[in-house]
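# fold the following, please.
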Amino acid sequence: MKKTVIILAIIITILSLTKQEKVIIPKKSIRFRVIADSNSKKDQYIKKEVVNNLRNNISKLEYSNNLDNSRENIKKSIPEIKHVVEETLIKNNYNKKYDINYGMNYFPEKEYKGTVYKEGDYESLVVTLGDGLGKNFWCVLFPPLCLLEADKQDTSDIEYSSYIKEVIDKYF
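Sure, this is the predicted structure:
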């Protein structure tokens, strides 16, 4: 029995490594984006601080059960989001302007897990720090599908888990 489970686990592992997960953002979706002022270390740090401090607000927005509820929740949350951004900038002694815009906003072409998302204007909540010329964080608020745009060299925020290891740990 144990040999069968181990062989099955090896086969599943091989199949999961060769199969690339495809993620499709539906046409009726709401995106979220925080754009850094520039790619300097300080500006990228401030962007990460803003994203981290907005996590509670964003997680509340992600769990809406329909598009109209999501829109209403976002509109209601903008004053609190503004407050969190302001507090983050003050705390970090960051004296640059910022803008929060909910509506149709431009997104450049993105590739995520083998799927290319065309550039264009999408319904979204966008926080722009300074001139907004740096790398950005983005995810999808509705339906909840967070996509981190991570530097290939910076993988410190990525947590990996293994389904196979979980199965093996559960039964052995």
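
# continuing past the helix ranked longest in the chain, what's the next helix or strand?
Secondary structure assigned by DSSP state H gives helix 67-91 as the longest helix of the chain. Moving toward the C-terminus from helix 67-91, the first helix or strand encountered (DSSP states H and E) is strand 98-107.

# before we move on, the earlier item: and the angle from the longest helix of the chain to strand 98-107?
Using axes from the mean of the first three to the mean of the last three Cα atoms, to 10 degrees, the inter-axis angle of helix 67-91 relative to strand 98-107 is 130 degrees.

# mind listing what's buried along helix 67-91?
S70, R71, N73, I74, S77, I81, V84, V85, T88, L89 (16 or more other Cβ atoms under 10 Å). C-beta coordinates here come from the backbone N, C-alpha and C atoms, glycine included.

# what residues go with each domain of this protein?
2-20+161-171, 30-142 (automatic domain parsing).

# of the ones you listed, which shows the lowest average pLDDT?
With a mean of 55, domain 2-20+161-171 has the lowest mean pLDDT of the domains of the chain.

# dump stretch 103-122 to PDB, restricted to CA.
The C-alpha trace of stretch 103-122 is given here as PDB (Å, rounded to 0.1, in the frame of the first residue of the first chain):
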ATOM      1  CA  GLY A 103     -12.700  53.900 -12.600                       C
ATOM      2  CA  MET A 104     -11.200  53.000 -15.900                       C
ATOM      3  CA  ASN A 105      -7.500  53.000 -15.700                       C
ATOM      4  CA  TYR A 106      -4.700  52.000 -18.100                       C
ATOM      5  CA  PHE A 107      -2.800  48.800 -17.500                       C
ATOM      6  CA  PRO A 108       0.300  47.800 -19.600                       C
ATOM      7  CA  GLU A 109       0.500  44.300 -21.100                       C
ATOM      8  CA  LYS A 110       1.100  41.700 -18.400                       C
ATOM      9  CA  GLU A 111       2.100  38.000 -18.600                       C
ATOM     10  CA  TYR A 112       1.200  35.800 -15.700                       C
ATOM     11  CA  LYS A 113       1.600  32.000 -15.600                       C
ATOM     12  CA  GLY A 114       1.700  31.700 -19.400                       C
ATOM     13  CA  THR A 115      -1.300  34.000 -20.100                       C
ATOM     14  CA  VAL A 116      -0.800  37.400 -21.700                       C
ATOM     15  CA  TYR A 117      -3.200  40.100 -20.600                       C
ATOM     16  CA  LYS A 118      -3.500  42.800 -23.200                       C
ATOM     17  CA  GLU A 119      -2.800  46.400 -22.400                       C
ATOM     18  CA  GLY A 120      -5.800  48.600 -22.100                       C
ATOM     19  CA  ASP A 121      -8.200  50.400 -19.800                       C
ATOM     20  CA  TYR A 122      -9.700  48.300 -17.100                       C
END
